[in-house]
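A.B. asks: can you look at this prediction? I've put the sequence above it.
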Amino acid sequence: MKWKQHDAEVKDALGFLSQIRFRAYIDRKTFAKPGNPFEPIPGMEKEFEDAAITIQRVNVIQWELDNRIRLRRIVRSIVTKIPEVLLFVLITIGFMVLVWTGLTFAGLYFNLKPLALFIGALVIAVANEVVNRIKPRQRRK
């Protein structure tokens, strides 16, 4: 709830800043020479510079607020993905435990060392990966 409220406040601030910038652009255009908008009218240099400085300051503030919004969006996406990643890791560890237990019981049944079975399973997994890299599976349409 606080995230949405804060985002709304920042968007309101960005709207206010765009109004200030628009007024500063109008002021700068008003105090500029008609043929050259980057040169002030003689006697209006201070007003022209004030408008230009206002535009620069508003641009810096808007850049900071945009970065803050972008950072919040990134943090929010990371925080929402953490439970999914943890669940995936736990399921993977559970399957690894089941495989290791199965290899151990197979080794006891066939009177083999568990390390030999684990190395054999590792060799089969690596060979499967090599075969899949050489000849990738085609998906059905």
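C.D. replies: Perfect, thanks for sending it.
A.B. asks: could you list the low-confidence segments of this protein?
C.D. replies: Residue ranges of the chain with pLDDT under 70: 1-3, 114, 135-141.
A.B. asks: can you tell me how far the residue nearest the centre of the chain is from residue 80?
C.D. replies: Nearest residue to the geometric centre of the chain (C-alpha atoms, centre = their mean): residue 74, 4.3 Å. Separation of residue 74 from residue 80 (C-beta to C-beta, to the nearest Å): 11 Å. Placement of C-beta: from N, CA and C, glycine included.
A.B. asks: do the same with residue 12
C.D. replies: The value you get for residue 12 to residue 80, if C-beta to C-beta is used, is 25 Å.
A.B. asks: by contact count, what packs against the longest helix belonging to the chain?
C.D. replies: The residue-count maximum for a helix in the chain (DSSP state H) belongs to helix 45-109. For helix 45-109, the packing partners by 3 or more C-beta pairs under 8 Å, 6 or more residues apart in numbering; DSSP states H and E come out as helix 2-30, helix 114-134.
A.B. asks: deepest in the core, which of those is it.
C.D. replies: Looking across these with neighbours counted as mean count of other C-beta atoms under 10 Å, the highest average goes to helix 2-30: a mean of 13.
A.B. asks: quick one: distance of it to the chain centre.
C.D. replies: 25 Å (C-alpha atoms, centre = their mean, to the nearest Å).
A.B. asks: next one: stretch 51-59
C.D. replies: With C-alpha atoms, centre = their mean, you get 29 Å for stretch 51-59.
A.B. asks: so which bits of it are buried?
C.D. replies: 51-52, 54-55, 58 (16 or more other C-beta atoms under 10 Å).
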